[in-house]
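> Structure for the following, please:
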Amino acid sequence: MVLCLYFLIFGGHFLSMKKVHIISIGGAVMHNIAIQLARKGYKVTGSDDILFDPSLSRLKRAGLYPDKMGWDEERISKDLDFVILGMHAKKDNPELQRALELGVSVFSFPEFIGQQAKGQKRIVVSGSHGKTTTSSMIVHLLNRLGVETDYLIGAQIEGVSDVVRFDNNPYFVIEGDEYPSSAVDNQSKFMHYDPHYVIITGIAWDHMNIFPTYENYFNTFVKFMGNLSKGSTVIFNSNDAEVVRLMEGFDSVNKIPYGVLPYTITKGKFNIIGKYPLHVIGKHNISNLTAAITLCEELGFEESDLFSAAQSYSGASKRLEVLLENDNGTSFIDFAHAPSKVKASVNAVKELDKDNPLVAVLELHTYSSLNKDFLPEYKDTLSNADRAVVMYDPKIVSNKNMESLNEAIVKESFNRPDLIVVNSSDGLKMEIQKIFRSLPSNRINSIFMSSGNFGGTDIKSFVENLKVGY
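A predicted model of the protein is given here:
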């Protein structure tokens, strides 16, 4: 009886309308799960204390917008089949507490996805950087070769309407991160997926609020490896010393190293094997593509077909996405926030155009990046930029009850005395305008990096006006 009910909830075949409530429905993954379940005939309700686009508009179009903002324990009743709990919800959330009191099953979203993927070939992309890009590359390659996939990806990609899909296709591609699953489930998300295939892109300390030391962080990957089923295939970055160290001693899995496919740069394009021009840029993205192609070869696809399919991949949203390109230069926006990501993105743009100046702009927005003890991890990450600007909001530092920062600390941490440090969106725009006026070149490239929004600045509009005015 229990197994039968379990199948009805998670098996993908619903014999009657099931009821589910989603706490913190506004997250990128959470609202997509809600939409997917509604399409499958579930009666879905949800709650959140604040909503932004695109989730706000998409939930309204799907008829899933909460009846009111905030939490209300009256939304939780015994007739719910289960509750899905998002990361934004805290342990004392009244809806969560009510569900636990009533004995309603509560699942973190990775736990839910892990159960949805039972019976499929599960592919998990893990690592400190490149997870979203590599996952989306795999989905793109398989789709271009005529294979429909289910997936969970951390950002929108061209040609794919959702970031989550579960339709019981042969493969389930999952971006598996090391962050805890929910307020009541401290396991790293990737522990829930029991993958047949794993990619590990790299290991570089992040999430200091969760992993206070590097060894804490590294050990979560050790746990992940130790939890893999015997005979799983692990495709790992052989150019990352910490990943290589991780792989030592795990002999019950099939280990396949990957590096970086040979590439050239001609006419503003990165070309793999000298003849396949790509839309993406940067050595790190060639590495990501190498991982994706290696995985797909393991699935039985031909290398030449994969190279051809890679040419049409245009990238994931805000992953070195082109904001503007003209004779005055190219501007990119990037989700980069962790040190390894920042350095890789800056180097990629500079490698694409070594002859013209690059202006790099970084917003410190995450807990780790605003932590005085973690900040030295950013040493030399902006060294390949000709001019560099770092923005942070002292109010956010104060609100997080963290030790205050100042200009001297930031400059010393980045090992860049000429670094410009600003504390507001107005200051940011003013300093960038000064930089563009001062540089003698007719062509200036720029990259804007943040997991936030630069204090509410419309970067695209700003860049368009900046290019016109300078």
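> Run through the stretch 351-470 of the chain and note the low-pLDDT ranges.
Within the stretch 351-470 of the chain, the ranges that satisfy pLDDT under 70 run 467-470.
> Please parse the protein into its domains.
15-104, 113-310, 321-469 (automatic domain parsing).
> I'd like the average pLDDT over the first one.
Looking at domain 15-104 alone, the average pLDDT works out to 94.
> ok now that domain, how far from the chain's centre?
22 Å (Cα atoms, centre = their mean, to the nearest Å).
> need the domains of the chain in TSV with mean neighbour count, can you?
Every C-beta, even on glycine, is put in place using the N, C-alpha and C of the backbone. Rendered in TSV, the data for the domains of the chain read as follows (neighbours: other Cβ atoms under 10 Å):
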stretch	mean neighbour count
domain 15-104	17
domain 113-310	19
domain 321-469	18
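> Dihedrals phi and psi, the closest residue to Phe454 other than its chain neighbours?
Of all residues not flanking Phe454 in the chain, Glu363 sits nearest, at 5.3 Å (Cβ to Cβ, 6 or more residues apart in numbering). Main-chain torsions, Glu363, degrees, to the nearest 10: phi -100, psi 120.
> Who does Glu363 form a beta bridge with?
Taking DSSP bridges as the rule, Glu363 bridges to Met391.
> which ones are touching it?
His337, Val390, Met391, Tyr392, Met449, Ser450, Gly452, Phe454, Gly455 (Cβ atoms under 8 Å, 6 or more residues apart in numbering).
> List the contacts of His419.
Quick fix: residue 419 reads Leu, not His. Contacts of Leu419 (Cβ under 8 Å, 6+ apart): Leu382, Ala388, Val389, Val390, Val410, Lys411.
> go on, Pro257?
Taking Cβ under 8 Å, 6+ apart, we find Pro257 in contact with Ile235, Phe236, Asn237, Ser238.
> Could you single out the nearest of those residues to Leu323?
Asn237 (29.0 Å; Cβ to Cβ).
> On the pLDDT front, check the nearest residue in space to the closest one that is not next to it in sequence for me.
The shortest distance from Asn237 to any residue other than its chain neighbours is 4.9 Å, reached at Val243 (Cβ to Cβ, 6+ apart). At Val243, the pLDDT value in this model is 98.
> For Lys400, see how far away Val243 is.
Between Val243 and Lys400 the computed distance is 31 Å (Cβ to Cβ, to the nearest Å).
> Then Phe211?
For Phe211 relative to Lys400 (Cβ to Cβ), the value is 17 Å.
> surely Glu407 meets Asn423?
No: when contacts are counted by Cβ atoms under 8 Å, Glu407 is not listed as touching Asn423 (9.0 Å).
> Do I have it right that Asp49 meets Met69?
Yes: at 6.1 Å, Asp49 and Met69 qualify as touching, with contact defined as Cβ under 8 Å.
> hmm, back to that, which of the contacts of Glu363 sits closest to Asp53?
Gly452 (15.1 Å).
> Verify the stated contact: that closest one with Leu362.
No: at 10.7 Å, Gly452 and Leu362 do not qualify as touching, with contact defined as Cβ under 8 Å.
> Check the gap between the residue nearest to Ile84 when sequence neighbours are not counted and Ile50 for me.
Sequence neighbours aside, Ile22 is the residue nearest to Ile84 in space, at 4.9 Å (criterion: Cβ to Cβ, 6+ apart). According to Cβ to Cβ, Ile22 stands 15 Å off from Ile50.
> just Phe301 next, same as before
43 Å.
> One more: Phe224?
In terms of Cβ to Cβ, Phe224 sits 32 Å off from Ile50.
> Phi, psi for the closest residue in space to Val184 that isn't next to it in sequence please.
With sequence-adjacent residues excluded and distances taken as Cβ to Cβ, 6+ apart, Val184 is closest to Lys91, at 6.2 Å. Per-residue torsions, Lys91: phi -60, psi -30 (degrees, to the nearest 10).
> do the same with Leu306
Per degrees, to the nearest 10, the backbone of Leu306 is at phi -70, psi -40.
> In contact with the closest residue to it other than its chain neighbours, which residues are there?
Setting aside the residues directly before and after it, Leu306 is nearest to Ile293 in space (Cβ to Cβ, 6+ apart), at 4.7 Å. With contact taken as Cβ under 8 Å, 6+ apart, Ile293 is in contact with Leu141, Leu261, Glu303, Leu306, Phe307, Ala310.
> Give me the distance between the helix or strand where Ile293 lies and the centre of its chain.
Assigned by DSSP states H and E, Ile293 belongs to helix 283-298. Its chain's average C-alpha position is 17 Å from that of helix 283-298, according to Cα atoms, centre = their mean.
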